[in-house]
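**Student:** below is the sequence, then the predicted model.
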Amino acid sequence: MPNIQTLDACASPLSYFGAELRRVREAHGLKQAELGEKLFCSGSLIGQIETTKKVPTREFAEALDRALRTDGLFSRLIGLVLRSQLPSWFRPHADMEAKATYISTYQSQVVYGLLQTEEYARAVLATGMPDDLESLVAARMERQRILEREQPPLAWAILDEAVLHRPIGGHKVMRAQLGRLLEFATNRWMRIQVLPFEAGEHASLDGSFTAMRFDNDPDIIYTEDLISGHMTANPDTIREASLRYAHLQATALSVEKSVARISRVMKERYGDRP
């Protein structure tokens, strides 16, 4: 008799996903290999996901719904599963980010997470030497779904020009990442400005920060240090951050000139614009 691992559906969102996958698969009278054939993957992968040894992707969840005709069950669960893969200290920020109606951020080191390509995100996240890099990448890509809503949050990102020049992931990755930024040039919900080198000293030399506004909750300021993140709704901090952001916006290149600067860096450092 095969050794069937007992599943604790209450242990985590990932466990619940795996238990539901096994329940629905068995209800259809399918073995793992047979379901794998329907999804063009191995039966081993099905088993790994059922026993929480592998984190499913959104594409896998959507394929499950189509193959098993589960009326969007797994597509609804996957958001919870991927969110659970975020570092515990970051989850409160991700929750607030998903509820925000307006997001303004200044980034001095890397492209803002909601604007990263998958390859760029993978290179950034790999620097922390995580145990499961692909789960973190999938979770970051899942965060970006808030920009795909029918009415996404209004967002304004100011990127230090150093972000454009730092070759994270190599030339090919950076060329694609800058191309991704240029795609937002005509986006009605997102605006991107570049804080140029020639600005010299500026209002946020201390580092990056993000402000979030909500319909029915106080504004929040989010910052990160080496190993954790911090949120505050302190009115004095909110006021100081708002003043600094206003100075950054005034110092940064206009949205139109920022597009030109991104295009120039893309061509001069990473090859012709695709």
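**Tutor:** Nice, I can see it.
**Student:** residue contacts, the residue nearest the centre of the chain?
**Tutor:** In the chain, the C-alpha nearest the mean C-alpha coordinate belongs to residue 140, at 2.7 Å (Cα atoms, centre = their mean). Neighbour list for residue 140: 113, 116, 121, 125 [criterion: Cβ atoms under 8 Å, 6 or more residues apart in numbering]. Quick note: C-beta positions are derived from backbone N, CA and C, even for glycine.
**Student:** pLDDT weak spots in this structure?
**Tutor:** 1-9, 272-274 (pLDDT under 70).
**Student:** where do the helices of it begin and end?
**Tutor:** 13-27, 32-39, 43-50, 58-68, 73-83, 91-99, 118-126, 133-143, 161-165, 171-183, 235-251, 255-270 (DSSP state H).
**Student:** could these go into TSV alongside distance to residue 206?
**Tutor:** What follows is these, written out as TSV (distance: least, Cβ to Cβ, whole Å):
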stretch	distance to residue 206
helix 13-27	36
helix 32-39	49
helix 43-50	43
helix 58-68	36
helix 73-83	30
helix 91-99	19
helix 118-126	21
helix 133-143	25
helix 161-165	15
helix 171-183	24
helix 235-251	9
helix 255-270	22
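**Student:** quick one, which of those helices is nearest to residue 205?
**Tutor:** The minimum distance between residue 205 and the helices of the chain falls on helix 235-251, with 10.1 Å, by Cβ to Cβ.
**Student:** who does that closest one touch, helix- and strand-wise?
**Tutor:** Other elements packing on helix 235-251 under the criterion 3 or more Cβ pairs under 8 Å, 6 or more residues apart in numbering; DSSP states H and E are strand 102-107, strand 154-160, strand 190-195, strand 209-213, strand 220-224.
**Student:** what's the angle from it to strand 209-213?
**Tutor:** Helix 235-251 runs at 110 degrees relative to strand 209-213, counting by axes from the mean of the first three to the mean of the last three Cα atoms, to 10 degrees.
**Student:** in helix 235-251, which residues are buried?
**Tutor:** Applying a neighbour-count criterion of 16 or more other Cβ atoms under 10 Å, one finds 237, 238, 241, 244, 245, 248, 249, 251 buried in helix 235-251.
**Student:** what about residue 32, neighbour count?
**Tutor:** Neighbourhood size, residue 32 [other Cβ atoms under 10 Å]: 19.
**Student:** which residues sit in contact with the closest residue to residue 195 other than its chain neighbours?
**Tutor:** The spatial neighbour of residue 195 that comes closest, neighbours along the chain excluded (Cβ to Cβ, 6 or more residues apart in numbering), is residue 252 at 4.6 Å. By Cβ under 8 Å, 6+ apart, the contact set of residue 252 is 158, 193, 194, 195, 196, 199, 258.
**Student:** on that earlier part again, select from the contacts of residue 140 the one having the most neighbours.
**Tutor:** Counting by other Cβ under 10 Å, top hit in the contacts of residue 140: residue 121 with 27 neighbours.
**Student:** so what's it up against?
**Tutor:** Contacts of residue 121 (Cβ under 8 Å, 6+ apart): 113, 137, 140, 141.
**Student:** wait, which of the residues you listed is closest to residue 20?
**Tutor:** residue 141 (22.2 Å).
**Student:** name the nearest residue to that closest one, sequence neighbours excluded.
**Tutor:** Using Cβ to Cβ, 6+ apart, the nearest residue to residue 141 is residue 118, at 5.9 Å.
**Student:** hang on, isn't that neighbour packed against residue 137?
**Tutor:** Yes - under the criterion of Cβ atoms under 8 Å, residue 118 makes contact with residue 137 at 6.2 Å.
**Student:** does residue 132 really touch residue 55, like I thought?
**Tutor:** Yes - if you go by Cβ under 8 Å, residue 132 and residue 55 touch, sitting 6.9 Å apart.
**Student:** sorry, back to before: would you list the phi and psi of the residue nearest to residue 195?
**Tutor:** Residue 252 adopts backbone torsions of phi -70, psi 160, taken as degrees, to the nearest 10.
**Student:** distance of it from residue 15?
**Tutor:** Distance of residue 252 to residue 15, given as Cβ to Cβ, to the nearest Å: 46 Å.
**Student:** likewise for residue 158?
**Tutor:** 41 Å.
**Student:** fine by me, thanks again.
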